Each structure stands twice: as C-alpha cells, then as structure tokens.
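>>> sequence and predicted model, in that order:
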Amino acid sequence: EKLVLSAVLISAVSCQDNQLSEEDIKKLRTPGVIPIEKAMRCGLFFAKDELGQPPIETLFVIKATWDAPECPTTDRVERAIEHCTGLWKTIKSKMEFTNPAVDKELAEQGLSTGDQICGILKEKGVIYSGRKSKRFPKGLQIGFFANMCGNKKWEDTGNRHTEPICCAKGRHVACP
C-alpha cells in the first residue's frame, strides 16, 4: 500500500504546472541518503481537526530526507515546517479523491485515489469514516506533518486536504 501511495504522491507532483523538476520527483521517491537522525522529513497522516495535535495514523512518509544542521534537537524547527509547507502547496491541488487510482489494476476496476486511501484505512481497522462512523462522523482529515532528527514526534504543519476523506467498507464515499 505504501508503494501505491508513493505513486499517488509522485503522480500528484508530476503534472506540468507544478514547481518540482523531474530530479525533485525522483528524490521524493528515493530513500534519502541523509540518515533520519540528521534530517528533516515530510509525511501525510490522518489528522485531527484541531491543528497542532499529534497525527492519528500514518498515511505515507515521503522517502526523501533533507539536511538538518539543527540536529540533534527535540524542538519544533520552523524551517522544517516551512519546507514541508512548500512541498504541500505543490502536492495538495493534485490530490483529488475522485481521480482514477494510480495502481493500474485498481484503476481498471474503476477505483479512485479515494478508494486507495480508504483501502489503507480499512487495513488499519477503520471500516467507516463519515456516515455510520461514531469515531469519525465528519470523515477524516489528511494533514501534512514534519519530522526532525528522527524524533518520534511529528510536528503538525497546519496544512490539511481541502476535504475530509469519507469511507464505507474500504471505498471512498461522499461526506455527510
């Protein structure tokens, strides 16, 4: 599933009107050469509505790493937040839940990017988000987070997808 989500992200940033070059895209897909203890990273997570809270669950961590001379630190580093925010601005407008699935087999079955994400949620034990969900009645937010120096804590950048993801039995559905 993480490979599929990697393809979703790469597809999202590979459109002609983005600010990332082919070399940048390759770097996002490739595991970073900078050890995570000395790096900053960015990732997509299922997020709480309230900004600044820890993420609920991992959706996808970008494999690329970026040098962080601030390491080691457990403090929030605004440079990492700004870096990940810049990356999010490129990715966010391309991540439409109704787009065809990136995985060719899933796309041939008529599944969407939203269906892929809902499949990941189902594997994590979340069958419903939105209607029929007591835990996530309004759906689940997808947020972008930053990490420094391999710390366990991921810092909320405050960036969210424009709409929550709502799912029923592993399929994307309209939110209430």
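That came in fine, so what should we check first? Residues are numbered from 1 along each chain as shown.

>>> can you list the buried residues in the top helix by length along the chain?
Longest helix in the chain, counting residues (DSSP state H): helix 78-91. Residues of helix 78-91 classed as buried: 80-81, 83-85, 87-88, 90-91 (neighbour count, 16 or more other C-beta atoms under 10 Å). Where you see a C-beta, it was placed from the backbone N, CA and C, and this is true even at glycine.

>>> output the contacting helices and strands for that helix.
helix 2-13, strand 39-47, strand 141-148, strand 155-160 (3 or more C-beta pairs under 8 Å, 6 or more residues apart in numbering; DSSP states H and E).

>>> what stretches of this structure score poorly on pLDDT?
For the chain, applying pLDDT under 70 flags the ranges 1-27, 93-94, 102-103.

>>> how about a cut-off of 80?
1-29, 91-94, 101-104 (pLDDT under 80).

>>> without its sequence neighbours, what residue ends up closest to the residue nearest the centre of the chain?
A centroid search over the chain (C-alpha atoms, centre = their mean) returns Leu44, at 2.1 Å, as the residue closest to the centre. Nearest residue to Leu44 in three dimensions, chain neighbours excluded: Leu59, at 4.2 Å (C-beta to C-beta, 6 or more residues apart in numbering).

>>> after the helix or strand hosting that neighbour, next one along is what?
For Leu59, the enclosing helix or strand under DSSP states H and E is strand 57-61. Per DSSP H and E, the first helix or strand lying C-terminal to strand 57-61 is strand 66-67.
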